[in-house]
Structures are given as structure tokens and as C-alpha cells.
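**Q** Provided below are the primary sequence and the corresponding predicted coordinates.
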Amino acid sequence: MGLPIEILLVEDNEGDIILTKKAFERGKIMNRLHVVKNGQDALDFLYKRNGHEDVPRPDLILLDLNMPKMNGQDVLKDIKSNDDLKMIPVIVLTTSNADEDILKSYQLQASSYIRKPVDFKQFGTVIQTLQDYWFTIVKFPSKN
Amino acid sequence: MNHQSSKGILDILVPEKLKKNPADFRKAKILMSFLVVLWLILTLSYILCIVLVIDTDMPFGWSTLLLALVSFLIYMTGSLKYGGHGLAFLLMFVLGGLSTQSGGIYSMDLAYCIMSPLIAFLLAGKRAGLFWTAVLILFYIVYFTLETTYGISFLEGAKVGEPNYFLIVGILTTTSICGIIWVYETEKNKYEDELHDAKENLTELNHSLEQKVKERTISLEKSNLELTRSNEDLEQFAYVASHDLQEPLRMVGNFVQLLEEEYNDKLDDEGKEYIGYAVNGVTRMSVLIEELLQYSRLGKKNHSYEKVDLDKIVNEKLTDLSMIIDQKNAIINKPVLPSIICVPGQIGIIFYNLINNALKFNESIQPKIDIDFKEEKKYWNFSISDNGIGIAPEYQKQIFELFKRLHRKEEYSGTGIGLSICKKIINYHKGEIGLDSTVGKGTTFHFTISKNLDNHE
């Protein structure tokens, strides 16, 4: 498997984008992190439209919930109602610890719900664990 | 009263205006029936006189005309006042006129004149009655004077002195009858006025009562709305606290650490120490927000009581605490706990906080914590004992207050919310919490959970 892992990060907070990038850089697995900053762009990316015609199909989506215009839950709903896109694991990565957010995300078929830690070391561990789990342990359907 | 009788001929005769007031309606009916009967008698006897060719010397024509006038007056004005006056006038002068032909002051017709003020009393009121009494007395006096002076009477053989007797009797009878009616009318009016006033008061009272109920309902609805709104605000706040307050904090924490990692070679020891303080502050703040949130979420309406395996829950909490248990080299003694009815998500928090405190505030070489329970008739009694630093008696009540801490943060970490949360949860389970403690020897917290918890209360 020489191909890098394609990851789509849907995140509006610049700080979080940097932190996530840093955490992935430190990971052992070769990956390419694509960043979109709102829900609408995320859907454009996934449907390869509006300037996103040449992007790869992501292997994993990291989705923030609180975003302007179209929030994470709407994006999740859209992804899971598309027969092709719904196979991509979506991991909700957010600050919120509200029960209703957690419940709603799983109801909308998120693969997991992860709360961003306050501690950067912990955040690194979370990203590392995520990579290990989704790209070395879990088996996906063949890309072709 | 049935509908047929209320639609009789008299009802047609009574003018619309008089139908509104039941008292007037009754009076008008009496008056109209009186007029109709009188008219019928007069007309019939007049016709009979013509048929039988009897000499009609009596003023039938005049009386019929007057009766017609009176009825017309009542009908047109819709008022009993004119009708009453008219009828009184009619009676007095028709009967008075008749008496000149039927015996003068000795005629019974003259005595019938007394009906005139009575009719006025009944129909047109007290003043009319009084007026016609005075007219009648005056009429009697004038009649008496004319009779005794000129002898206009057709009755022969009148004796001197008798007219005086008739006059006195006539006046006295009229006056006393009118007096009786006067008193009766006055009393009746007074009573009716009182009744009317009472009814009006009652209506007013009813109205103001209704108004008050309406006002109260409106204010209740308003405060209900405000309550709902403030509840919504609170929930909104909880959400903001869980997300919007945490996010900037997380940024600070993460980036300070990133700074430390990426610029490690450029920072001296002092710089690294400062970063340590910053991270520590952020972590504490984050825990504080989290615990406050937990506190504010307690007692939210959607919690329901269920039967849960308490032993399993407490074991889970002990697993969460395993790191500090290992660090402190502590021993935990716990019997198999029962299954109880409680709010599943809350009961564990009590055990977690109390065990955590027992470990935290413990300087023994080997902390020892005993968890125990006793089943009582109406509640479960739990206890958690430790061999920790203990709490002085003067502080034992304060510790359940929100943010109350007995130690500096540098000595023992914590937010001062834990025991407040425990107390709130226990209250929600209709229980009580208390403690026995000796400084330097240890503390035993005991609390109860009611067995009588109902979701529908």
C-alpha cells in the first residue's frame, strides 16, 4: 500500500486545523490531509463540484459539529443519505460534550464521536489511536 | 308560567316598552284587563239599552270615549304614568258624575270614587296616588258643599247632619286605605330596591371576580412563559458552557503545549515553568466548567428512575479511579451492592466523588476505604469510610456548599463542586447525606436513597 491515506478535515477553526495537521504529521502513517472550512465546501469536495473536480475521494472524514452556514449534523445527514458516500467512515471531532450532540451524531450514523481534549499531548494520542484503528486494524471494501 | 299564557290577548295589548320590566308588565296586564272588562260591560249594557229601548240617561258615550282615550294614551306613551292618571281621572269624574243622578252624597257611586287614588297608586306610583287622594278629598268637600248648599242631589228626604257623617267617613276611609297602600308600596319599593342593589352588587362582584381570575390567569401564563424561557436559557447556557466556553480554553491549552514542544530549544527553564502554570490553569478551568455543567444538568426533567445493578456501576467507577488507587496504594473494601431504583446516570457520581475525596484527602501510607450498606424499611443506607485527614466539626456543614473548599489548591486539587453535586443527587432521591469525622483519623460519609421513588410524581 504505497498510496497515502486521504483524510478530509471539515473544520472552521484555524487553530484546530493547525493542531490536527500537527498531530497527523507526527503520525506514522503516510497521509494527506485535505481541509475544508464549512459544511457546504465539505459537500462540494465530496461531490467533486464547484472547483473541487480534481480531488480524491477521502478514506476518512473528520467532522466538526459547530460550523457557520451548514453545520456538521447537516453534512452528516447528507453523506449518510448518499449510497456511495455513506461507506466513508465519518468521525465527529468536536469540543461539545453535550449529550444531545452525542446522541444526535450516532443517530445520524457517525462512526465515532470524539471530544477534542484540552491537552495537546492527549490530542496527539487521540489522533494516533484514530489512525491506528482505522488504517491498520479496520478492513475496508476494495477501492475498485 | 307556560308559554301559552304568556302569549294571551293581554300580552298583545300591553305595549312593547312595558314588557321589559316584569313589574311594569304585571301592572300593565292588570290595567289592560281592567280596561277591557270595563269597556265590554259598558258597551254591552249600552247595546242592551238600545235593543230593549230603555231610556239611556247615563253617560255611556262619554265613559266609552274616555276609556278609549286612556288605553290609547297608555299604548302610545308606553308608560303607566299617564294611563294611571287617566284612569284615576276617568273613575273619579265618571263615578262622581254618575252619583249626581244616583243619590248625590248618598250614592254608592260616590264611594266608588275611592278607587281613583288606588288605581293611581297602583299604576302611576306613590305621588300620583297622593295627588289623587288630595283631589278626591277636595272633590268630596266641594261636592258636600254644593249638595248641602244647593241640593243638587236627586235623592229626596236627606236629613241634616247625615252629609257630614258621609263626608267624614269618606275622607277617613280614603285616607286610611291610601295610608295602608302608601306604607305597603314604600316597603315594597324599599325591598325591591334592596333586592335590586343586592343583585347589582352580586353582578358587580361576579364581574370583578371574573376580571381578577382573568388577570391572574394572564399573569400566570406570563410567568409560565418566562419560566419556560428561562429554562430554555439555562439549557442554552449549558450548551454554550459545554462548547463555546471550552473551545477557546482548549485553544490556549493546546497551543501553549505546542509552543513548549516546538520551541523547546529556545525556551529556558523559567519559560517552561510558566507554560506549566498556563496548562495547569487551563486544565483546572476545563474541569470547573465540566463540573458546573454537571451540577446544572442535575434534576433536569428528563431523568427517570430505573432499577439498576449498583454493584456494576460502582465497580465501573472504581475502574475509572484505578490510577489514583494504584498511585496511593489504597485498599478498597466493598460488599456486593444491591440493585436499587435510582437515576442510572447519577447514582455513580455520588460514589465516584465520595471515593475520590476519600483517596484525595488521605495522607496514610496505605489509604483504606470501606464501602458498606444497610437495608432499612423505607430506604437504603450507604456509607463510605476512610482513614484520611478528617474534617473539623466547624467545617462539616460548609463542605456541601457550592465552591466551598477547605484547602488551598496547591495542597489538594479540586473545584469545590463535588459534594454539592452529591447532595443535589441525594436530594433528588429523597435521601440525606451526613458525616462523622475525627481530624487525623478519618471520615465516614453516609447517605440514604429512598425506596419510594416514583417517576410520575
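**A** Received, thanks. Residues are numbered from 1 along each chain as shown, chains lettered A, B, ... in the order given.

**Q** is it fair to say B:His446 lies in a strand?
**A** Yes: the assignment for B:His446 (DSSP: H, G, I helix; E, B strand; the rest coil) places it in a strand.

**Q** residues near A:Trp75, how many?
**A** Small correction: residue A:75 is Val, not Trp. Burial of A:Val75, expressed as a neighbour count using other CB atoms under 10 Å in any protein chain shown, amounts to 26. C-beta coordinates here come from the backbone N, C-alpha and C atoms, glycine included.

**Q** now name the helix or strand holding it.
**A** helix A:72-80 (DSSP states H and E).

**Q** where do the strands sit along chain A?
**A** Shown for chain A, the strands assigned by DSSP state E span residues A:5-10, A:31-36, A:60-63, A:90-94, A:112-115.

**Q** what strands line up against the third one, and which way round?
**A** Yep, that's strand A:60-63 we're talking about. Strands adjacent to strand A:60-63 in the sheet, as given by DSSP bridges, are strand A:5-10 (parallel), strand A:90-94 (parallel).

**Q** distance between that strand and the chain's centre?
**A** Computed by CA atoms, centre = their mean, to the nearest Å, the chain-centroid distance of strand A:60-63 equals 1 Å.

**Q** other residues contacting the helix holding A:Val75?
**A** The set of residues external to helix A:72-80 that reach it, using CB atoms under 8 Å, 6 or more residues apart in numbering or on different chains, is A:10, A:39, A:42-43, A:46, A:61, A:63-66, A:85-86, A:88, A:90, A:92, A:94, A:104-105, A:108-110.

**Q** buried among the residues you listed? Make that a PyMOL selection.
**A** Command for PyMOL that selects the buried part of the contacts of helix A:72-80, burial taken from 16 or more other CB atoms under 10 Å in any protein chain shown:
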select buried, chain A and resi 10+39+42+43+46+61+63+64+65+66+85+88+90+92+94+104+105+108+110
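
**Q** is it possible to get JSON lines of the strands paired with strand A:60-63 that adds mean pLDDT?
**A** JSON lines is the format used below for these (pLDDT from 0 to 100):
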{"stretch": "strand A:5-10", "mean pLDDT": "91"}
{"stretch": "strand A:90-94", "mean pLDDT": "91"}
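
**Q** what parts of chain B come near chain A?
**A** B:238-239, B:242-243, B:246-247, B:249-251, B:253-255, B:257-258, B:261, B:279, B:282-283, B:286, B:290, B:293 (CB under 8 Å from any CB of the partner chain).

**Q** mind checking which of those are buried?
**A** Listed as buried from these are B:238-239, B:242-243, B:246-247, B:249-251, B:253-255, B:257-258, B:279, B:282-283, B:286, B:290, B:293; burial here means 16+ other CB under 10 Å.

**Q** which bits of chain A sit near chain B?
**A** Taking CB under 8 Å from any CB as the test, the list of chain A residues beside chain B reads A:13, A:15-16, A:19, A:22, A:66, A:94-98, A:100-101, A:116-121, A:123.

**Q** buried subset of those?
**A** A:13, A:15-16, A:19, A:22, A:66, A:94-98, A:101, A:116-120, A:123.

**Q** list the buried ones in the strand or helix carrying B:Ser437?
**A** If you go by DSSP H and E, B:Ser437 is part of strand B:433-438. For strand B:433-438, burial by neighbour count (16+ other CB under 10 Å) applies to B:Ile433, B:Leu435, B:Ser437.

**Q** so which strand or helix has B:Ser383?
**A** In this structure, B:Ser383 sits in strand B:379-386 according to DSSP H and E.

**Q** buried residues in that strand?
**A** Within strand B:379-386, the residues that qualify as buried by neighbour count (16+ other CB under 10 Å) are B:Tyr379, B:Trp380, B:Phe382, B:Ser383, B:Ile384, B:Ser385, B:Asp386.

**Q** check stretch B:38-55 too.
**A** Going by neighbour count (16+ other CB under 10 Å), the buried part of stretch B:38-55 is B:Leu38, B:Trp39, B:Leu42, B:Tyr46.

**Q** so which of those residues are in helices?
**A** When DSSP state H is applied, the buried residues of stretch B:38-55 are split such that B:Leu38, B:Trp39, B:Leu42, B:Tyr46 fall in helices.

**Q** my guess is the second one contacts B:Leu67, does it?
**A** If I follow you right, that is B:Trp39. Yes: counting by CB atoms under 8 Å, B:Trp39 sits close enough to B:Leu67 to count as a contact (5.1 Å).
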